[in-house]
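> Can you look at this prediction? I've put the sequence above it.
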Amino acid sequence: MAASKVATLGELTDAVPHRVEVDGVPVCLVRFGDEVKAIHDTCSHQEWSLTDGGTVYGNEVECSLHGSAFDLDDGRPSSLPATRPIPTFAVEIDGDAVLLDVHAPTNDAPFPDH
């Protein structure tokens, strides 16, 4: 599948997790200036939404339920209690449009149930 428009840069606030749903897959978008990163929006520990109160620290988003943080580039957790990575996705910027394809994750992490 091809990448599709999921948001505009104007809709995203820097370093604040923003949830979109693409083909039934919840995705957490995080903007850093003109760059946007995308990671599955479900913590691999207890399947909590990362955008529901989550906080961005550096290149990670921290789950608000138990504090596990996930790298926005490779989906790996850097702190317990989560031990399993979550899918990440390549993002394209076309003008103001934010595009991604949830059918082509950039890592081999399993999709969490949600």
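On my side now, so go ahead. Numbers count the residues shown, from 1 in each chain.
> What separation do you get for the residue minimising distance to the centre of the chain and Gly95?
Nearest to the geometric centre of the chain sits Ile39, at 2.3 Å (CA atoms, centre = their mean). Going from Ile39 to Gly95 by CB to CB, to the nearest Å gives 23 Å. For the C-beta atoms, the positions are set from N, CA and C on the backbone; glycine is no exception.
> so who does Glu60 touch?
For Glu60, the contacting residues are Ala69, Phe70, Asp71, Leu72, Ser78, by CB atoms under 8 Å, 6 or more residues apart in numbering.
> List buried residues within those residues.
Neighbour-count burial (16 or more other CB atoms under 10 Å) is assigned, among the contacts of Glu60, to Ala69, Phe70, Asp71, Leu72.
> quick one, what contacts the residue sitting furthest away from the middle of the chain?
Residue farthest from the centre of the chain, counting by CA atoms, centre = their mean, is Gly95 at 20.8 Å. If a contact means CB under 8 Å, 6+ apart, then Gly95 has no contacts.
> mind redoing it with 10 Å?
Thr8, Leu9 (CB atoms under 10 Å, 6 or more residues apart in numbering).
> Retrieve the pLDDT associated with it.
For Gly95, the pLDDT comes out at 95.
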